[in-house]
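compute the structure for the input listed below.
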Amino acid sequence: MRIVVLAGGTSTERDVSISSGILVAAALREKGHEVVLLDVFKGYECDICDVYALFKQNYSFTDSVKVGDTISDIDEIIEERRDKSNRYLGENVIDICSYADITFLALHGGAGENGQIQATLDLLGLKYTGSPYLGSALAMNKGITKSVLIQKHILTPQGEIYKSAKDAMAWDIFPCVVKPCSGGSSVGITIAQNADEYKESVAEAFSYGEDEIVVEEYVKGREFSVGLLGGKALPPIEIIPNEGFYDYKTKYQAGAARDVCPADITPDEDKTLREAAVATYNALHLESYARVDFILTEDGRAYCLEANTLPGMTPTSLLPQEAKVEGISYADLCEQIIEISMKKYEK
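Predicted coordinates for the structure are as follows:
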C-alpha cells in the first residue's frame with residue numbers, strides 16, 4: 001500500500017506532530033508499505049516532483065525532532081519556507097497525497113485537527129485516517145464539546161465560554177481551570193487558585209491568538225485517559241504527574257509523569273470510564289480512533305474533560321500504551337488505524 005504520513009503544520013504542536021509522524025512512517029515501512037513522510041506546511045519544495053520516485057525511495061522530510069519544553073516558533077518555520085507564505089498546504093502536497101492509497105494524519109492541533117484539512121481532503125476525494133471534518137470540528141472546540149456533552153447528559157465540569165478578558169472577569173469560582181478554546185496538548189492551560197492568578201491565566205489563554213477561552217470549575221480527582229479503536233474502548237490509563245497537572249511539558253518529557261495501564265481501579269470504575277468514553281465518542285460523531293480524557297473523583301464519577309481526534313503517537317503517548325496492554329504492537333496499531341479508517345469509504 002502507498003501511504004502518505006502528513007505531519008508538521010503550523011500549530012503549537014508542530015514538533016509533537018513530527019515526532020508522531022516519524023514513528024508512524026517507520027512502523028508502516030516495517031510492515032512493507034511504501035511511505036512518504038511529508039510536512040503538510042513545507043511540502044516537497046521542488047520544481048519537478050517525481051511522485052513515483054518519492055514512494056519508491058520512502059522519502060522523509062526529516063528523520064529527527066526534539067520535543068522541548070516550549071512550543072514551536074511558527075514565524076521561524078514560515079521564514080524557512082521557499083515561498084515565505086503562510087498558506088497551510090505546502091508545495092506538491094495534494095499531488096503526492098493523490099498518488100497514495102490513504103493519507104495517515106499524524107497532525108496535532110490547528111487546521112490539521114479542527115476539520116479543515118479533513119474537509120479539504122473530502123472535497124478532493126482523498127482518503128485519510130481518523131474522524132471526518134464534523135467530528136474533528138466538534139471535538140477541537142472545547143466550548144462546543146462541552147455544549148454537546150451537556151446536551152447528551154455526559155458528565156463534564158461546569159464552565160463558561162468568554163470572548164474577551166473583560167467578559168471573563170465575571171467568573172468568581174476558585175480554583176478554576178482556564179484554557180484556550182481550541183488548543184491542544186494542554187498548551188495554555190492553567191489552574192487559577194484565586195482572583196489574581198485568574199487574571200494571569202486569562203491573559204495566558206488569550207495569548208495564543210484565539211477569540212475564545214473556556215473557564216471551568218476545578219474538579220479534584222485522578223487523571224485518566226481512554227483510547228478508542230473502531231469505537232471500542234481500550235483499557236483506561238492513569239496519568240500521575242510528578243508535580244502539577246498533565247501540561248505540555250509533562251506530556252512529552254520522558255519521566256515527567258508515571259502512566260499506569262491497566263489502571264489500579266475497581267471493575268465499576270473501569271466500566272464507568274469506558275462507557276463514558278464510548279458515549280463521548282458517539283456524541284461528537286467521531287470515527288476510526290480517538291482518545292478521551294477524564295477526571296475520576298473519589299466517589300467514582302468520571303468527568304469528561306475533552307476528546308482528541310488525532311491522539312499522539314510519540315514515545316510518551318498514551319494510546320499506544322493502552323493498545324499494548326491489549327496485545328497490539330505499535331506497528332499493528334498503525335495498520336489497524338488505517339484498516340478501520342478505510343472502512344468508512346466502503347459505505
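
show the average pLDDT along stretch 277-290.
Model confidence over stretch 277-290, given as mean pLDDT, is 98.

how many neighbouring residues does the residue lying closest to residue 157 once chain neighbours are set aside have?
Setting aside the residues directly before and after it, residue 157 is nearest to residue 216 in space (Cβ to Cβ, 6 or more residues apart in numbering), at 4.3 Å. All C-beta spots, glycine's among them, are computed from the backbone N, C-alpha and C. In terms of burial, residue 216 registers 21 neighbours under the definition other Cβ atoms under 10 Å.

and residue 241, by the same measure?
Here the count is done by other Cβ under 10 Å, and residue 241 has 15 residues near it.

let me see the ranges of the strands in the stretch 101-250 of the chain.
With DSSP state E, counting those that start in this stretch, the ranges of strands along the stretch 101-250 of the chain come out as 102-105, 159-162, 176-180, 190-192, 213-217, 222-229, 232-233, 237-241.

out of the ones you listed, deepest packed?
strand 102-105 (a mean of 26; mean count of other Cβ atoms under 10 Å).

packing partners for that strand?
With contacts taken as 3 or more Cβ pairs under 8 Å, 6 or more residues apart in numbering; DSSP states H and E, strand 102-105 sits against strand 2-7, helix 116-123, helix 330-343.

and those, which is most packed in?
Each of the helices and strands packed on strand 102-105 was assessed for mean neighbour count using mean count of other Cβ under 10 Å. The highest is strand 2-7, with a mean of 27.

show residues contacting that strand.
When contacts are taken as Cβ atoms under 8 Å, 6 or more residues apart in numbering, the neighbours of strand 2-7 outside the stretch itself are 17-18, 20-22, 24-25, 28, 33-40, 55, 93, 96-97, 99-107, 112, 117, 338.

now which of those residues would you call buried?
Buried residues within these, counting neighbours by 16 or more other Cβ atoms under 10 Å: 17-18, 20-22, 24-25, 28, 33-40, 55, 93, 96-97, 100, 102-107, 112, 117, 338.

out of those, which sit inside strands?
Helix and strand membership here follows DSSP state E; of those, those in strands are 34, 35, 36, 37, 38, 39, 102, 103, 104, 105.

would you turn these into a markdown table with pLDDT and distance to residue 86?
Listed next are those as a markdown table, based on pLDDT from 0 to 100; distance: Cβ to Cβ, whole Å:
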| residue | pLDDT | distance to residue 86 |
| --- | --- | --- |
| 34 | 98 | 31 |
| 35 | 98 | 28 |
| 36 | 98 | 23 |
| 37 | 98 | 22 |
| 38 | 98 | 18 |
| 39 | 97 | 14 |
| 102 | 98 | 27 |
| 103 | 98 | 22 |
| 104 | 98 | 24 |
| 105 | 98 | 20 |
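
now render those as JSON lines, adding distance to residue 328.
Listed next are those as JSON lines, based on distance: Cβ to Cβ, whole Å:
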{"residue": "34", "distance to residue 328": "23"}
{"residue": "35", "distance to residue 328": "20"}
{"residue": "36", "distance to residue 328": "25"}
{"residue": "37", "distance to residue 328": "22"}
{"residue": "38", "distance to residue 328": "26"}
{"residue": "39", "distance to residue 328": "28"}
{"residue": "102", "distance to residue 328": "19"}
{"residue": "103", "distance to residue 328": "22"}
{"residue": "104", "distance to residue 328": "16"}
{"residue": "105", "distance to residue 328": "19"}
